[in-house]
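# Give me the fold of what follows.
(chains A, B and C)
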Amino acid sequence: MRFGADYYPEHWPEERWETDARMMKEAGFNITRLAEFAWVKMEPREGEFDFDWLLRAINILNDHGIQSVIGTPTATPPAWLCINKPSVMRVNEQRQQITFGNRQQSCINQPEYLEACDHIIEALADAMDGNDGVYGWQIDNEFWAPCYCDECQKLFQKWLQEKYGTLQALEAAWGAIFWSQTYTDWRQIPLPWATSGAPNPSLALDYRRFISDSYESFTKRQIKLIRQYSDKPITHNFMGISPDEINYQQIADHLDFASWDNYPFGSADPAMIAAGHDITRGYLRKNFWMMEQMSGPGGWGEMSASPRPGRIREWTYQAIARGADAMIYFRWRVCRSGTEQYWHGILNHDGATNRRYSEIKRTRDELLKFEDLLEGTTVKAEVAFLNDYDSRFAFRYQKSNSELSYVKTLVSLYKGFFENNIAVDILTKDADLSGYKVVVAPAHFVLTKKRAALLKDYVQNGGTLVMTYRSAVKDATGLIFDEPLPGLLQDVFGVVVKEYHSPEASEENMIWGSMGEINGHTSRVNVWLDLLELRGAEVMAKYDGGFISYGVAITRNSFGKGKAYYIGTQPESDFMITLMDAVAKDAGVTLGIPTPQDVEACERVGEGKKLTFIINHTEQTQNVSIPEPCTNLITCEAIEKSLTIDAYGVAVLK
Amino acid sequence: MRFGADYYPEHWPEERWETDARMMKEAGFNITRLAEFAWVKMEPREGEFDFDWLLRAINILNDHGIQSVIGTPTATPPAWLCINKPSVMRVNEQRQQITFGNRQQSCINQPEYLEACDHIIEALADAMDGNDGVYGWQIDNEFWAPCYCDECQKLFQKWLQEKYGTLQALEAAWGAIFWSQTYTDWRQIPLPWATSGAPNPSLALDYRRFISDSYESFTKRQIKLIRQYSDKPITHNFMGISPDEINYQQIADHLDFASWDNYPFGSADPAMIAAGHDITRGYLRKNFWMMEQMSGPGGWGEMSASPRPGRIREWTYQAIARGADAMIYFRWRVCRSGTEQYWHGILNHDGATNRRYSEIKRTRDELLKFEDLLEGTTVKAEVAFLNDYDSRFAFRYQKSNSELSYVKTLVSLYKGFFENNIAVDILTKDADLSGYKVVVAPAHFVLTKKRAALLKDYVQNGGTLVMTYRSAVKDATGLIFDEPLPGLLQDVFGVVVKEYHSPEASEENMIWGSMGEINGHTSRVNVWLDLLELRGAEVMAKYDGGFISYGVAITRNSFGKGKAYYIGTQPESDFMITLMDAVAKDAGVTLGIPTPQDVEACERVGEGKKLTFIINHTEQTQNVSIPEPCTNLITCEAIEKSLTIDAYGVAVLK
Amino acid sequence: MRFGADYYPEHWPEERWETDARMMKEAGFNITRLAEFAWVKMEPREGEFDFDWLLRAINILNDHGIQSVIGTPTATPPAWLCINKPSVMRVNEQRQQITFGNRQQSCINQPEYLEACDHIIEALADAMDGNDGVYGWQIDNEFWAPCYCDECQKLFQKWLQEKYGTLQALEAAWGAIFWSQTYTDWRQIPLPWATSGAPNPSLALDYRRFISDSYESFTKRQIKLIRQYSDKPITHNFMGISPDEINYQQIADHLDFASWDNYPFGSADPAMIAAGHDITRGYLRKNFWMMEQMSGPGGWGEMSASPRPGRIREWTYQAIARGADAMIYFRWRVCRSGTEQYWHGILNHDGATNRRYSEIKRTRDELLKFEDLLEGTTVKAEVAFLNDYDSRFAFRYQKSNSELSYVKTLVSLYKGFFENNIAVDILTKDADLSGYKVVVAPAHFVLTKKRAALLKDYVQNGGTLVMTYRSAVKDATGLIFDEPLPGLLQDVFGVVVKEYHSPEASEENMIWGSMGEINGHTSRVNVWLDLLELRGAEVMAKYDGGFISYGVAITRNSFGKGKAYYIGTQPESDFMITLMDAVAKDAGVTLGIPTPQDVEACERVGEGKKLTFIINHTEQTQNVSIPEPCTNLITCEAIEKSLTIDAYGVAVLK
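I've put the predicted structure just below:
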């Protein structure tokens, strides 16, 4: 297992590097990430390269048993590029050109920027060629930034021409006749600038796909250059479950492994973090790395709360439990200067050991006790969530209700499994679903015919499908279906949405469960209310109050050999947990160990191996009953029947 | 009576049109509005016209007994115009040029835009010439958009030069010496851009007048072109009581009839809607049309709440009760594409009948029972409210207090009559007031000498005038009077404002009534506090608390043969209702039927006819006592003494 | 003593001037300020000067015994300059150029603007030469506006080159290597535009210093021109304790006396006002003028609450008590036109006497009774607060916590003395501290080596130093120290900050006092929590709850002959008042008269003179016990033991 920190030797005097390497070694580190913001240090002037300092840093680290992931520094183009060739700078939605002074300020479609990237990447890859201290590569950093410059507009027009062939085809796909928005020339097509007001939603959807394609090209271009010199593993650091600026899957498809950056500011929901692990593991269907794990207060102008004692360890175990094969903390030591002067890492500005260093060292020591047992293990799930970037792109422009969001909907359902300790895969692209007992498709707003057919087959053949409000609303180009919702899946669910209602914040609406485990349970509902008409499905819950009183809210349908649940509104957490428990049991999903709320139990399994991680995400001591005697690998104690876990404490059972 | 929907045949395959026409006919429709956003469909390329599709649509509708109002499509100029001639695009207050992609994005003063408008309007009018299916015309759509482009600045300077003649005259009228803002050249005069910060208020007032004049010219230009081919009635669709971007009266003066678009999102106040009807009826002092009546959830990115069952019918009756001669619902069917993909109408995307269609059909069936009785009837009011756009323009830049608004002030007084079921006219231009027993001038901030004289005469001759705080503050060019407020009307009211106080939100201020019906009544007051000094008036209410304790807040004065009430602060609704009831009684206004709160009673009268509409705007069943036996024309039942009305229910009594 | 109003004769017909002068005289006025926004009246066209009107106004006033302070009119350049030479207009942080229409819209670094300023100032100074009616000069008005134009960028680059010599030195001082922000040419260095996102904090700090230097140059340039013609006193009107756009001290250094503008809108904290007086008195360590004292409701689009009866008098006495030698009310009469049409002064638009005029006249009459006793008196303080603009500049970009601010921190400590009636000096530049018994350095974020040495010496030699969280964090160029906080002062305080915590708004954190007067006292704490490790200091308070439970929050250390208090968090007001009382007593500070809360007691002393001002800032009548028999100079009554003071009332005791 890899364990280490993100390290910026260029921030510190060279005399200090040896000390840093020694302190890292003492904490059991064997990996760092380097160089991803150091373009100007490696190319101080256009075409003048200097990698000696980096090689020295790599060597010192390697001498201490620490390999390095090398980041391509393309997120921080130097002033000599940005200011001498100002066209490389991004343009934002308001059509303002970004100025030099922060990071990720360049347009990844600008030829001059791309050329400069080529030069630095090639020179860097060449310099690293054959270096034992180099473990692998990271492409750029946390991709997110869309651009609205003239070059992007031109390329978007070309992209559309390639996609649609004729303006007539594009106009039909977009329904562009609305408000007279058809075109007589491809060059007339705008980007969805804020200066236009709310755009045609289909145009906006295609724009987000174009931006994703642009980032995919940028990734492939970088990989191709690196591969001329290096066959070491290549990754990119994603950002978990929340971002929806670009389609991460398209990036992941070209990587050797996926990784992500976890910043649980303040009182972050442990289920949100868990979902971040699961989505990252899902991109390539295998274990992943933590490339940046928050290890101190962060922030630019304002500082976030400091992680309470025990929480860095808690987050570390949670990551490993969910498939992390490497744990890299951000960052080794907070910089004394720059925009991230407040973004702390393990060490403070003073560079001395502290309670966070000690906590990490202790965690590493524990892990070393059973590291070998993790080898070859991963998470095995019987439940899959579908994550759909097209839907997320569409919601960016059409929230539907001010309180509705894709992520909140997903996490609301996800918690139904998380709190029941049922493992989940989050899948972003079409895959064989036959191995899953339950498939959950939250707010699957945009539904292609292909995906619809796949889901139908899945249920037909015995699968259990769970879907929610605002699903199957739009086709592949963003047109709303001209048949009752849920569009292509009416027969699968045995319902149609007779009417929907986007409630005002002040409204009081309730549902009342009437089947199985949720019988008699009630919940406030908000965000969205679908009123269902039965076409063969059974009623699971009805509305009780509001103008759709006694209307149907949640249903179950038998279709082929399988079952399909339609959840027409968003109930509160307790109701959802009970409901998903019922779904899981009904589908024969293997149930998890019962634990108190926000105490997570998660398994990593492999060839004859099974490790159960128990993680207490609460501030209170908790008790967990254990189904069979086992050993806590951290304390090496035998556990008979139950286990007491401190606040933010963990246990690893074998 | 006309009854129908706004219809967009260009959104749907031509095969569907026949079905739509049949379904409309089945619901009793006899009118649609067409074409107002279909410029590009009618002129796909500059100078290439195609009206065949429109004529086919008109014919199919006409074959089903449905005539069409044709909208000029100037709110949606095509890409070939907007992008090829970018100067036609509007510039906003921040000096950003609007880009193509929404609607109403052109500057109506740009010569190239106007020329293109001329061509499409002339071609359209020519194509419609002599067509039986055409009922009449609508000019553009919901005028509102000011522009801050160079052309507007140039024309504004010219407008000022024509108005003032010399810079000296302008500077005197504006008090431009303040902060050294006099000019040595007309070309120096800016628009009130946000990039300048808070402008000279007189400049800003003149700018709003200039924009109103520009829209008036635009309207006249369109009408002139249409009149070359057609003598059918012409209208424009206004937006009710709230907007104050331009002076609607100036537009209305050139129309054959007025119409408006009513969108009571969420929990809209029925008095606000009623005021919308009354102001629209007031522009031309005759009955009006509902050109767009909300009939489903609306919104762009977020969807508003769905109208509860019964509410579309409720709104329909309220409109008719207050003088609507036509009811057109927006829109026939929600579009599958475009920015208004969420803006529902009667039918959903699936095009099938639904509960909203049924409710509208039922309403139409009811109306047909007594439609002939409506013929020749209208609302007759003994009370007039004065709506003053100059004052509204001035308040845009000078709210006076963060909680103060012209519309809130107007509606606060209006409710005093609305809840007492006393009919009201809302008049926007100077008119003979002698027929009114009460005239109310809320927040009449800007007061011309002419208007002041008119009001003085009115009271002198026996009228009753009600005025409020922030009235008679500014002269015609926006200078504040250099005599005590209420400026030119001190003698009419028999008071002067000794001091005024703009309260902080946290303050507690009270008044205490001391005369007649309000004797002993108290109310919290906020927004504004005038402290009055008596110059002959009687005290009606005093302040009780705050630093102007025991100061005078509300007075009544006898002036000539009439009376004048000055209301120096904004009391709560109950107090105001009692106060206006007292004013009305004192003035001998015919009182309305007493009804429970938010149950409206409104009469339409004509030559020997009187229909009383009772409309329950509440979610509860209500009982109303009836003064004399009558018949409910909807149910054809005889009513003896009282009437029970369901939630959102209505009755029409004869 | 000087007493008067800000007067704008150019707003009124010349016939009125005599009346104004007479009314001023009747109120006992002997000073006005004139002309500071009248550029265009004095130079109607470029190079055409007209001072005749101004001389006539000055003469009329002087004939009534009223002298004038002449403001240079550079805050309101005329349209002929701004529009004909548009490059003179400021550019804001978003890189938008300001347009003509308000004030302070020019860049004070633009050569064409400076040239125009030179001409008007020189001509004005020449015209005023030898005029008896002229008392002195005010430079421009309320400096604040930073500019981000190309000229400023060029000058900033030059400024940096002069400061650092080489790019290498600059990069080291800024830690510019972070995110690759080093430069190959001085011309690449940006300003901290909002279009770049959060900037390098050291760049931003230097930018604020550059802007301050620019304003200092502008001030010097004006003074130099005036001094060619006049040796009368020159001032500038500052804005009290809150502003932190520029370093006021740099301006003050070139003035003959300081003055400020006090606008206590709504329910302003009397301690904030008091601090405004003390900081202004501190710039030149002597008495100051009130150049604008709010005397009516103010505001542009919205009007503030009207000053309650008695409050203008209350504010007047408070100013005098704290060292004001002149009281000039803003403004004589509210203008009928322009952006400040709502900004009232003494007289309303009608120009008649009113209750505010009467209150001011009464106040003047009272003051005349003992004016001679004020001669030669000022405030003498044993406590000094350090006000540090570098720290304030740095906090602009790095608040640290959303609720933390420099001013709130300063005022929190200041109230500890204010409520105990202990006089305070607020010092902005390094000074001999040996005369002070206590020095307080709140949130002294940026700490130069020189200032650190000064403070160390001060304590070493017996002084008492109080410092807070977020002090001694950054060095002179904004780098965070690479040693534990409080950086250079660890030994002085005998503590290091082991860890800090920026709490979330929802957190509950407490401290619990354990020494002397605060023993057993508790308080909620927020904003920031330093966890202290003792290195010799004694514990005064510990945390009680949260993750740093039982950690140390407040300490006292003996160092040399003195004492040093470190306050690691922000307690509530009551706790702070008790704590500062303890500090003061411990340091032997002379204690003030005990008064009820928000009743201020303040002394002006001189050669054998001592006047005690008692000011009731509350709405209730209050009783104050008097240590020894005295006379109330206002009523001429003898006071034996105690005094009753009305709401907003005052007493002056001798």
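
# The residue of the stretch 151-300 of chain A found nearest chain C and A:Tyr7, how far apart?
The nearest approach of the stretch 151-300 of chain A to chain C comes at A:Trp300, 4.5 Å away (C-beta to the nearest C-beta). Quick note: C-beta positions are derived from backbone N, CA and C, even for glycine. Using C-beta to C-beta, to the nearest Å, we find A:Trp300 at a distance of 21 Å from A:Tyr7.

# So for those two, which sits in the more crowded spot?
A:Tyr7 (28 against 18; other C-beta atoms under 10 Å in any protein chain shown).

# Nearest residue to that one in space, please, no chain neighbours.
Among residues not flanking A:Tyr7 along the chain, A:Thr32 sits closest, at 4.1 Å (C-beta to C-beta, 6 or more residues apart in numbering or on different chains).

# I'd say that neighbour and A:Arg2 touch.
No: A:Thr32 is beyond contact range of A:Arg2, at 9.8 Å (criterion: C-beta atoms under 8 Å).

# List the residues that contact A:Gln249.
Going by C-beta atoms under 8 Å, 6 or more residues apart in numbering or on different chains, A:Gln249 touches A:283, A:389, A:428-429.

# mind redoing it with 10 Å?
A:212, A:216, A:238, A:258, A:279, A:282-284, A:387-389, A:427-429 (C-beta atoms under 10 Å, 6 or more residues apart in numbering or on different chains).

# coming back round to it: next, show the common contact partners of A:Thr32 and A:Arg2.
With C-beta under 10 Å, 6+ apart, A:Thr32 and A:Arg2 have common neighbours A:66-67, A:69, A:135, A:328.

# closest to C:Val407 among these?
A:Ile328 (40.7 Å; C-beta to C-beta).

# The closest one pairs with what?
Counting by DSSP bridges, A:Ile328 is bridged to A:Gly4.

# One more: the one 5 residues further on?
Residues in a beta bridge with A:Arg333, per DSSP bridges, are A:Leu347.

# Go ahead and confirm it touches A:Glu340.
No: the criterion here is C-beta atoms under 10 Å, and A:Arg333 misses it with A:Glu340 at 11.7 Å.

# Report the spatially closest residue to the residue of the stretch 101-250 of chain A at minimum distance from chain C, excluding sequence-adjacent ones.
Nearest to chain C, among the residues of the stretch 101-250 of chain A, is A:Gly101, at 3.2 Å (C-beta to the nearest C-beta). Among residues not flanking A:Gly101 along the chain, C:Ser196 sits closest, at 3.2 Å (C-beta to C-beta, 6+ apart).

# Could you do A:Arg396 as well?
A:Asp244 is the one closest to A:Arg396 (C-beta to C-beta, 6+ apart), at 6.5 Å.

# roughly how far apart are that neighbour and B:Ile422?
55 Å.

# For those two, indicate the residue with more neighbours.
Higher neighbour count among A:Asp244 and B:Ile422: B:Ile422, with 23 against 20, using other C-beta under 10 Å.

# Would you mind splitting chain A into its domains for me?
Domain segmentation of chain A under automatic domain parsing yields A:2-147+A:208-374, A:150-204, A:383-586, A:599-653.

# between those, which one is nearest to C:Glu366?
domain A:2-147+A:208-374 (48.8 Å).

# Would you confirm that A:Pro486 contacts A:Val492?
Yes: the criterion here is C-beta under 10 Å, and A:Pro486 meets it with A:Val492 at 8.1 Å.

# Quick check on these two: which one has the bigger neighbour count.
It is A:Pro486, of A:Pro486 and A:Val492, that has more neighbours when counted by other C-beta under 10 Å, with 29 against 25.

# leaving aside the residues next to it on the chain, what's closest to that one?
Leaving aside its chain neighbours, A:Pro486 sits nearest to A:Ala472 (3.8 Å; criterion: C-beta to C-beta, 6+ apart).

# Same check on A:Arg2?
The nearest residue in space to A:Arg2 (C-beta to C-beta, 6+ apart) is A:Ala326, at 3.4 Å.

# closest point of the stretch 151-300 of chain A to chain B, which residue?
Closest point on the stretch 151-300 of chain A to chain B, by C-beta to the nearest C-beta, is A:Gly175, at 2.0 Å.

# Please report how far the closest residue to that residue other than its chain neighbours lies from chain C.
The shortest distance from A:Gly175 to any non-neighbouring residue, by C-beta to C-beta, 6+ apart, is to B:Ser337 (2.0 Å). B:Ser337 is 35 Å from chain C, where distance means C-beta to the nearest C-beta, to the nearest Å.

# Ramachandran angles for A:Leu386?
For A:Leu386, the backbone dihedrals (degrees, to the nearest 10) come out as phi -100, psi 120.

# show me the residues around it that make contact.
A:282, A:410, A:425-431, A:433, A:439-442, A:444, A:451, A:454-455, A:465, A:467.

# Do you know the pLDDT at it?
If you check A:Leu386, the pLDDT there is 98.

# Residue ranges in chain A under the pLDDT threshold?
A:546-547, A:549 (pLDDT under 70).

# before we move on, back to that, could you verify my assumption that the residue of the stretch 151-300 of chain A closest to chain C touches C:Phe178?
No: taking contacts as C-beta under 10 Å, A:Trp300 lies outside contact range of C:Phe178: 12.0 Å.

# what sits in contact with each of the two?
A:338-341.

# just to revisit the earlier point, for the residue nearest to A:Arg2, give me its contacts.
A:1-4, A:30-31, A:69, A:135, A:235, A:257, A:259, A:287-291, A:293, A:319-320.

# ditto for A:Thr618
Neighbour list for A:Thr618: A:270, A:314, A:596-599, A:645, A:647-649 [criterion: C-beta under 10 Å, 6+ apart].

# repeat for A:Leu114
Neighbours of A:Leu114 in contact, by C-beta under 10 Å, 6+ apart: A:74, A:88, A:106-108, A:217-218, A:221-222.

# at 6 Å instead, please
If you count contacts by C-beta atoms under 6 Å, 6 or more residues apart in numbering or on different chains, A:Leu114 has none.

# Am I right that it is in a helix?
Yes: inclusion of A:Leu114 in a helix is indicated when DSSP: H, G, I helix; E, B strand; the rest coil is applied.

# Could you measure from it over to chain B?
26 Å.

# just A:Leu374 next, same as before
46 Å.

# Count the residues that sit near that residue.
With other C-beta under 10 Å as criterion, A:Leu374 counts 19.

# cool, A:Arg187 as well?
12.

# Next, give phi and psi for it.
Torsion angles, degrees, to the nearest 10, at A:Arg187: phi -70, psi -10.

# of all of the stretch 451-600 of chain A, which residue lies closest to chain C?
A:Asp598 (17.3 Å).

# excluding its backbone neighbours, what's nearest A:Phe370?
Nearest non-adjacent residue to A:Phe370 (C-beta to C-beta, 6+ apart): A:Leu633, at 4.2 Å.

# Next up, the contacts around that neighbour.
A:370, A:652, A:654.

# hmm, 10 Å instead?
Taking C-beta under 10 Å, 6+ apart as the definition, contacts of A:Leu633 comprise A:366-367, A:369-370, A:373, A:611-613, A:651-654.

# Tell me the one of those residues nearest A:Ile346?
A:Leu367 (16.0 Å).

# shouldn't that closest one be in contact with A:Thr316?
Yes: A:Leu367 is within contact range of A:Thr316, at 8.0 Å (criterion: C-beta under 10 Å).

# got a list of what A:Ile480 touches?
A:Ile480 touches A:175, A:201, A:473-474, A:487, B:334-337, B:341-342, B:348-350, counting by C-beta under 10 Å, 6+ apart.

# Helices of the stretch 551-654 of chain A, start to end?
A:573-586 (DSSP state H, counting those that start in this stretch).

# Which parts of the stretch 251-400 of chain A are helices?
So, for the stretch 251-400 of chain A - with DSSP H, counting those that start in this stretch - the helices run A:270-283, A:311-321, A:355-374, A:389-397.

# Sounds good, over and out.
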